Each structure stands twice: as structure tokens, then as C-alpha cells.
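*Asks:* Pasted the sequence and its predicted model underneath.
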Amino acid sequence: MEGLVVKNYAGFYYVDTGKAIYMCKARGKFKKDNLKILTGDRVVIKEIVPNSEGVIESLLPRKNELIRPPIANVDQVLIVFAFADPFPSTELIDRLLVMAFALRLEVVLVFNKFDLVNPESQKLFEYYKKILPKVVAITARGDTGIEELTSYLNQKISVLAGPSGVGKSTLINRLVPGAKLATGEVSPKIKRGRHTTRHVELIKLPFGGFIADTPGFSNLTLPEMDKLELQSYFPEFNQNRKYCYFPNCLHVKEPNCRVRELLETGEIPPFRYENYLTFLEEITSDERSS
Ligand SMILES: Nc1nc2c(ncn2[C@@H]2O[C@H](COP(=O)(O)OP(=O)(O)OP(=O)(O)O)[C@@H](O)[C@H]2O)c(=O)[nH]1
Ligand SMILES: [Zn+2]
């Protein structure tokens, strides 16, 4: 039987076969070969006790692997911000977008707390909606946007990312009644301890798909990349680079640069360009130091 490892706890792997969740030990060869089984791995198991216990016989090939939290076969990142309280940091939005795209993950950008929307955050939302395919405004404490978001989560393994207080736990509780994730009241210090000692678990979504109970991307260092690669993670830059005079234009000081023309006309907002320059500087100095 084939299944998905949804949790690794106290020496047991919990494997969801679609029919039941089996508590499994791994065959000795995994330890011998130093093969680590991660939450998110697809495995083949042999049933020992009907619908309850089994043994993991083999591990199927992984599509990818996140380090923190350790989880395999992630399809997409749900990047969550709020319209207000806290007001979104565009630098953090853009950083998370670059990190997700660099890992070849799909992105759903969520703006929560639509009940608190204001003209500035509305404008940000509209801009991202223009450049990305899946951007959704929701009220996790209500119904707005939940159906649209559900359609993006269906049949996929998703990981949440986003700053504190935007409503990530509230959202999981909203999507999975009974998940009972703690919201709000945990102090940042205790929480760090909690996240390092806790095991990541995939929560089954009632409409299909899974979502990790532990937010990812806590380390915000950009991955190593070539300077030219960065713009491929800014869709509106990437679309326009072919009109720049130089084929390898980085849009910094080069003449006849289409991206900077669009910045002049206001089609590309200043914050996007500034974030791009900040990241370009960051990966450039990384290159120098290595
Ligand atoms: N107005 C409003 N408040 C919300 C909404 N969703 C969540 N909140 C509130 O925002 C606060 C933070 O929500 P959490 O779910 O704890 O946020 P989080 O992202 O999990 O925060 P961390 O656990 O610190 O990472 C809580 O007081 C929630 O009740 C919403 O749609 N509208
Ligand atoms: Zn250019």
C-alpha cells in the first residue's frame, strides 16, 4: 500500500493511505542506510494490523525538501499577510516570493483581515493581483475569500509563511474545524522553543490536500543565486527585460532600460524596484564574500 507520512512522533511514522492512518515503524534498512523519512514523504507500507499498524518498506522519490520545518514534497507556499494590524511589509512579501520561486514552489499570496482593509493596503493587494496568478483577499474570522482559497489548496501539500499576528493559526482553524491551533496568546520566546522541539504535522484538509501545522521560511536569508537570476522572480521585470537594450540588463544604470522606464511612468511602483535593488545588493555581497 502507498501512503503519505503525515507525522513522525515518538519513533512512529503516521502514514495516511487515504483509507486509514497507520502507525508505522520503518524497516531496519532505513537506519542502516542512514535514510531519513520525512513528513511529506510518500512511502510503501505493509499492513500488520488492519487499518491501524504497518511497516514502512520503501521510500518513493522526493520532489523536493524544505529544511525548516523538515518536510518533503511541498507543492506550494501560502504567503500570508494582513490588510492591517499588522500593515504588510512589502520587503518581506517580496523576499518570501523570491525564496518560494527560487525553490520552484507555487505561491498563493493571501491578504487576511479584509474586514480591516484601507486604501493603502487595498492598493498593494491590487498590484500583486496584477502580477501574480493566485492572490486572494480573505477574512479568516469570517467567510470572505475562503472558497477561492480552498480551491487553491485542493489536492496540494501547502506550507504557510508570513509574519506574526497576520492570522495563520486562525486560518488553519477556519479551514480545519477542530485543528485547534493556538492563536495569539503565545509569547514569542516560548513559541520559538515550541517550534524547534515540535514535530511538523500535515493536517488533512476536509476538501482534499494537506497543510503543514508549522510555518516555514523562518530563515529569511536569500538563497545563493546569480545576479541575472533574481529578476526572473519579479514577474513584471521578467516580462519586460526583452525590451531593455542590453540582453543581460540588471536594470541598475544601463542605458535604454525598459524596467526603469516603467518605473518612471509609475507602471512599476517604487517599492518593487527598491526591494529588487536591496536583494540584488544582498546577493552581490554574498558573491563577494564567498
Ligand atoms: N480583524 C480580524 N482579525 C483577525 C482575522 N484573522 C485573525 N485575526 C486576529 O489576529 C490575531 C493574530 O491571529 P493568529 O492566528 O494568532 O496569527 P498568526 O499569524 O498565527 O500569529 P503567530 O502565531 O504569532 O505567527 C488574533 O487576535 C486573531 O483573532 C480576521 O480575518 N480579521
Ligand atoms: Zn533593464
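*Replies:* Alright, I've got the coordinates. Ligands and ions are numbered 1, 2, ... in the order given.
*Asks:* near ligand 2, which residues of the protein show up?
*Replies:* Residues of the chain found near ligand 2 (Cβ under 5 Å from the ion) are C244, C249, H251, C257, V259. No exception for glycine: its C-beta is placed from N, CA and C like everyone else's.
*Asks:* Now Y128: which helix or strand?
*Replies:* Y128 belongs to helix 119-131 when assigned by DSSP states H and E.
*Asks:* Extract the CA atoms of that helix and return them as CSV.
*Replies:* Extracted in CSV, the C-alpha atoms of helix 119-131 (Å, rounded to 0.1, in the frame of the first residue of the first chain):
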residue,chain,number,x,y,z
PRO,A,119,-6.9,52.4,0.8
GLU,A,120,-3.1,51.8,1.0
SER,A,121,-3.3,48.0,1.6
GLN,A,122,-6.0,47.7,-1.0
LYS,A,123,-3.6,49.3,-3.5
LEU,A,124,-0.9,46.8,-2.6
PHE,A,125,-3.3,44.0,-3.0
GLU,A,126,-4.4,45.2,-6.4
TYR,A,127,-0.8,45.4,-7.6
TYR,A,128,0.1,41.9,-6.5
LYS,A,129,-3.1,40.6,-8.1
LYS,A,130,-1.9,42.1,-11.4
ILE,A,131,1.5,40.4,-11.4
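*Asks:* What separation is there between G208 and ligand 2?
*Replies:* 43 Å (Cβ to the ion, to the nearest Å).
*Asks:* before we move on, the earlier item: can you tell me which of the residues of the chain next to ligand 2 are in helices?
*Replies:* V259 (DSSP state H).
*Asks:* Can you check the residues of the chain next to ligand 2 and name whichever has the most neighbours?
*Replies:* In terms of neighbours by other Cβ atoms under 10 Å, the residues of the chain next to ligand 2 top out with V259 at 27 neighbours.
*Asks:* Just give the closest residue to that residue, not the sequence neighbours.
*Replies:* Leaving aside its chain neighbours, V259 sits nearest to H251 (4.0 Å; criterion: Cβ to Cβ, 6 or more residues apart in numbering).
*Asks:* gap between that neighbour and R272?
*Replies:* Counting by Cβ to Cβ, to the nearest Å, the gap from H251 to R272 is 11 Å.
*Asks:* ditto for Y243
*Replies:* Counting by Cβ to Cβ - Y243 and R272 are separated by 17 Å.
*Asks:* Repeat that for I37.
*Replies:* Counting by Cβ to Cβ - I37 and R272 are separated by 41 Å.
*Asks:* same question, F237
*Replies:* F237 sits 8 Å away from R272, going by Cβ to Cβ.
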